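**Q** got a sequence here, can you build the structure:
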Amino acid sequence: MARCYYCSSEAVVAQCSGYEADCGRFYCATHAVRGLCQECGMEKLHAKARELILEDYLAKAKEIHKQDTKKWLRFYSGCIFIFLPWILFLQLLNNTFGKRNEYGEISAPPGVIILAIISIGLLIYFAWKPRVWRKRAIAQVEFTRPGFKEFVRQNEHEIGTPLPKKITNVAVWAVFGIILLAVMALGESASESQPDRDIRDIKNRLGM
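**A** Below you'll find the predicted structure:
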């Protein structure tokens, strides 16, 4: 007669089907956990708990990423609609009130230089502020969710890449493409023979 695997009781209620693997242990009502034997049932409970924790971590990380993206979008919008027009305005002030030397070069008035320095300082500050906010937000969550910072780092592909990193990646590929096109253009220019260049120059002079 079948006996409970854990206490040898004959009051067996079922044979365990196993969790993620075959088990086959017989168990009594005392050692039944979620329709499985005690060991498999606890393993199932722990796996469910881990799943809920990961879902909670992921939801919180996506929430921080969403707020972080909004802050960066406000920063870039400010650069386009406020900072660039302000730079053009400073250039206008410089052209209007700047002094020209004998070579036609304009020396900026002290007031314009001071405003330009302040503008650059404010730009750096507003660019630095979202980075600090993100670090602080992750650090605060770390107090109640241990390992959250490492979780964010390892699951960036699922959470979402930070906006500055996306822009940097695009800029790097754009620069690489420009360099590649320049190298190809230089290669074509270098491969052109001297007679061909002479003929091309003659045609250009004759307007052909």
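**Q** sort out which residues of stretch 51-69 are buried, please.
**A** The neighbour-count check on stretch 51-69 (16 or more other C-beta atoms under 10 Å) flags Tyr57, Lys60, Ala61, Ile64, His65, Asp68, Thr69 as buried. No exception for glycine: its C-beta is placed from N, CA and C like everyone else's.
**Q** so which of the residues you listed comes closest to Tyr125?
**A** Nearest to Tyr125 among those: Asp68, at 17.1 Å, using C-beta to C-beta.
**Q** got the CA coordinates for the helix or strand containing Leu93 in PDB?
**A** Element membership of Leu93 [criterion: DSSP states H and E] is helix 84-97. The C-alpha coordinates for helix 84-97 follow below in PDB (Å, rounded to 0.1, in the frame of the first residue of the first chain):
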ATOM      1  CA  LEU A  84      18.800  77.800 -30.300                       C
ATOM      2  CA  PRO A  85      16.700  81.000 -30.700                       C
ATOM      3  CA  TRP A  86      18.600  82.500 -27.700                       C
ATOM      4  CA  ILE A  87      21.900  81.700 -29.400                       C
ATOM      5  CA  LEU A  88      20.700  83.500 -32.600                       C
ATOM      6  CA  PHE A  89      19.600  86.400 -30.500                       C
ATOM      7  CA  LEU A  90      23.100  86.600 -28.900                       C
ATOM      8  CA  GLN A  91      24.600  86.500 -32.300                       C
ATOM      9  CA  LEU A  92      22.300  89.400 -33.400                       C
ATOM     10  CA  LEU A  93      23.400  91.400 -30.300                       C
ATOM     11  CA  ASN A  94      27.000  90.600 -31.100                       C
ATOM     12  CA  ASN A  95      26.700  91.800 -34.700                       C
ATOM     13  CA  THR A  96      24.800  94.900 -33.600                       C
ATOM     14  CA  PHE A  97      26.900  96.100 -30.700                       C
END
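**Q** heads up, I number from 260, so please use that
**A** OK, 260 is where the count begins now, so the last one is helix 343-356.
**Q** helices and strands around it, which ones?
**A** Helices and strands touching helix 343-356, by 3 or more C-beta pairs under 8 Å, 6 or more residues apart in numbering; DSSP states H and E, are helix 369-403.
**Q** give the other helices and strands that the helix it packs on contacts.
**A** Packed next to helix 369-403, using 3+ C-beta pairs under 8 Å, 6+ apart, are helix 297-337, helix 343-356, helix 407-413.
**Q** in the helix holding Leu352, which residues are buried?
**A** Trp345, Leu349, Leu352, Asn353.
**Q** go on, stretch 383-398?
**A** Result for stretch 383-398 [16+ other C-beta under 10 Å]: buried residues Phe385, Pro389, Arg393, Ala396, Ile397.
**Q** cool, stretch 400-415 as well?
**A** Val400, Arg404, Phe407, Phe410, Val411.
**Q** how long is it from one end to the other?
**A** 16 Å (C-alpha to C-alpha, to the nearest Å).
**Q** now what about that stretch, what contacts it?
**A** Contacts with stretch 400-415, where a contact means C-beta atoms under 8 Å, 6 or more residues apart in numbering, come from Asp315, Tyr316, Leu317, Lys319, Ala320, Ile323, Ile397, Ala398, Ile418.
**Q** tell me if I'm right that Lys321 and Thr328 touch.
**A** No: using C-beta atoms under 8 Å, Lys321 is not in contact with Thr328; the gap is 10.3 Å.
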